[in-house]
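Engineer: Generate a structure from the sequence data that follows.
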Amino acid sequence: MNVSDFDFELPERLIAQTPLADRTSSRLLVLHKETGETEHRTFTDLRNYLRPGDTLVLNDTRVLPARLYGVKSDTGAKVELLLLKRVEGDVWEALVRPGKKIRKGAVLHFGETAEGSVKPLLTGIVEEEGDMGARHIRFEYEGIFNELLERLGQMPLPPYIKERLEDRERYQTVYSKHEGSAAAPTAGLHFTEEFLEELSRSGVRLCRITLHVGLGTFRPVSVEDVSEHEMHSEWYSVSEESAAMLNRAREEGGRIVAVGTTSARTLETVGQRYEGSKIEACSGWTDIFIYPGYRFRLVDALLTNFHLPRSTLVMLVSALAGRDNVLRAYREAVEREYRFFSFGDAMFIT
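Structural biologist: Here you go, the predicted structure:
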């Protein structure tokens with residue numbers, strides 16, 4: 001199976017540049033995975049496709065303002081960092097630009113010098129070099145690191161979004177809680193607190209898990225043979241309460257509906273870990289790669305956005321609904337001018 005099997009034509013004008021004023025006003029393409037039949041709805045019609053006893057699984061990660069702009073201490077040359085994950089203590093894995101000029105030992109400065117101090121607000125020292133522009137960077141600072149990030153950092157919008165985001169919270173889900181992501185779980189951006197409450201009142205159970213989105217989201221597939229691609233590991237966590245909800249869903253025959261591919265990957269990691277036994281509270285690192293031929297353990301249905309051509313995310317949805325069905329649905333979405341990617345419209349695979 002080749003990466004080119006997951007390619008499709010996408011006019012640039014369909015890449016959503018800004019979020020809609022009302023989170024729930026996006027369109028919804030419903031894809032029935034068994035038949036390939038599609039329906040064209042609005043997002044709030046999701047209520048008609050969810051049933052009492054269904055468990056809606058939400059990734060409650062919160063995006064860090066993880067994009068930092070600074071200078072090299074020796075030359076004053078401009079540098080850019082995208083923090084991906086904390087390695088330990090004050091050491092972070094980050095993507096850097098320009099990668100060829102930021103080598104081991106480089107010292108980077110961020111923020112204006114604090115009043116009465118000769119030091120910048122934040123200093124980074126490159127300790128290790130990795131693949132694809134990744135570096136391990138140790139930070140030195142005074143105060144609280146996350147407070148400095150809030151002050152100095154910008155939201156790490158994907159490179160295909162050219163417009164400035166005026167409201168940072170529009171790149172956060174309304175249920176975001178645990179900081180640690182380098183990107184938003186964008187399928188969840190469509191929900192409002194009111195719509196979630198409506199679903200809950202109708203008998204849909206809301207289950208929260210955490211997966212901190214990292215390099216896997218930004219890393220393109222650089223090999224032609226899909227099976228040779230390696231995913232970057234990301235940290236996940238499932239609480240006792242959430243494990244109990246998932247066990248109850250399986251015991252009672254309710255569907256487990258993943259909100260977004262990050263929730264799906266977490267659920268399937270847990271499904272593999274506890275296959276044949278009850279799910280328990282757990283956490284750890286996952287590099288699970290889901291593509292056609294994969295057997296799903298927990299996910300019955302998936303709410304997702306429209307993804308980039310040739311991406312691991314298109315492969316994941318193709319594993320659930322079938323490649324031909326997904327590409328046919330994507331062609332319909334293009335013909336009907338759905339909005340694509342992070343701030344775009346939604347698809348419900350049922």
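
Engineer: Return the helix or strand in this structure with minimum mean pLDDT.
Structural biologist: One helix or strand of the chain scores below all others by mean pLDDT, DSSP states H and E: strand 107-113, with a mean of 86.

Engineer: May I see the buried residues of stretch 204-214?
Structural biologist: Val204, Arg205, Leu206, Cys207, Arg208, Ile209, Thr210, Leu211, His212, Val213, Gly214 (16 or more other Cβ atoms under 10 Å). Glycine gets a C-beta too; all of them are placed from N, C-alpha and C.

Engineer: Could you pull out the helices in the stretch 51-200 of the chain for me?
Structural biologist: 145-152, 193-201 (DSSP state H, counting those that start in this stretch).

Engineer: Any buried residues in stretch 237-248, and which?
Structural biologist: Residues of stretch 237-248 classed as buried: Ser237, Val238, Ser242, Ala243, Met245, Leu246 (neighbour count, 16+ other Cβ under 10 Å).

Engineer: residues in contact with the second one?
Structural biologist: With contact set as Cβ atoms under 8 Å, 6 or more residues apart in numbering, Val238 has these partners: Ile209, Thr210, Leu246, Thr266, Val270, Ile279, Ala281, Cys282, Ser283.

Engineer: And the first one, by the same measure?
Structural biologist: Contacts of Ser237 were listed using Cβ under 8 Å, 6+ apart, and they are His178, Ile209, Thr210, Leu211, Cys282, Ser283.

Engineer: of all these, which comes closest to Ala16?
Structural biologist: Leu211 (23.0 Å; Cβ to Cβ).

Engineer: Quick check: that closest one touching Asn59?
Structural biologist: Yes: Leu211 is within contact range of Asn59, at 5.5 Å (criterion: Cβ atoms under 8 Å).

Engineer: what touches both of these two?
Structural biologist: With Cβ under 8 Å, 6+ apart as the test, Leu211 and Asn59 both reach Pro185, Thr262, Ser263, Thr266.

Engineer: which residues sit in contact with the first one?
Structural biologist: This means Pro185. Applying Cβ under 8 Å, 6+ apart, the residues contacting Pro185 are Asn59, Thr61, Thr173, Leu211, Val213, Val259, Gly260, Thr262, Ser263.

Engineer: who wins for neighbours among these?
Structural biologist: With neighbours taken as other Cβ atoms under 10 Å, the top of the contacts of Pro185 is Thr61, carrying 33 neighbours.

Engineer: any idea how far that one lies from Lys177?
Structural biologist: Remark: distance between Thr61 and Lys177 (Cβ to Cβ, to the nearest Å) = 8 Å.

Engineer: and what of Ala264?
Structural biologist: Taking Cβ to Cβ, one finds Ala264 at 19 Å from Lys177.

Engineer: Please apply the same query to Gly153.
Structural biologist: 19 Å.

Engineer: More neighbours: which of those two?
Structural biologist: More crowded of Gly153 and Lys177, by other Cβ under 10 Å: Gly153, with 22 against 12.

Engineer: Neighbours of Val317, how many?
Structural biologist: 28.

Engineer: Verify the contact between it and Thr261 for me.
Structural biologist: Yes: taking contacts as Cβ under 8 Å, Val317 lies within contact range of Thr261: 7.4 Å.

Engineer: what residues are shared contacts of the two?
Structural biologist: Joint contacts of Val317 and Thr261 (Cβ under 8 Å, 6+ apart) are Leu302, Thr304, His307.

Engineer: Output those as CSV; include the columns pLDDT and neighbour count.
Structural biologist: Converted to CSV, the shared contacts of Val317 and Thr261 look like this (pLDDT from 0 to 100; neighbours: other Cβ atoms under 10 Å):
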residue, pLDDT, neighbour count
Leu302, 98, 27
Thr304, 98, 24
His307, 96, 23
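
Engineer: Can you read off the pLDDT for the closest residue to Gln154 other than its chain neighbours?
Structural biologist: Leaving aside its sequence neighbours, Gln154 sits nearest to Arg67 (Cβ to Cβ, 6 or more residues apart in numbering; 4.5 Å). At Arg67, the model reports a pLDDT of 94.

Engineer: Tell me, how many residues neighbour Arg67?
Structural biologist: So Arg67, with other Cβ under 10 Å, has 19 neighbours.

Engineer: State the distance from it to Gly153.
Structural biologist: 6 Å.

Engineer: so what sits against both of these two?
Structural biologist: Contacts common to Arg67 and Gly153, judged by Cβ under 8 Å, 6+ apart, are Leu83.
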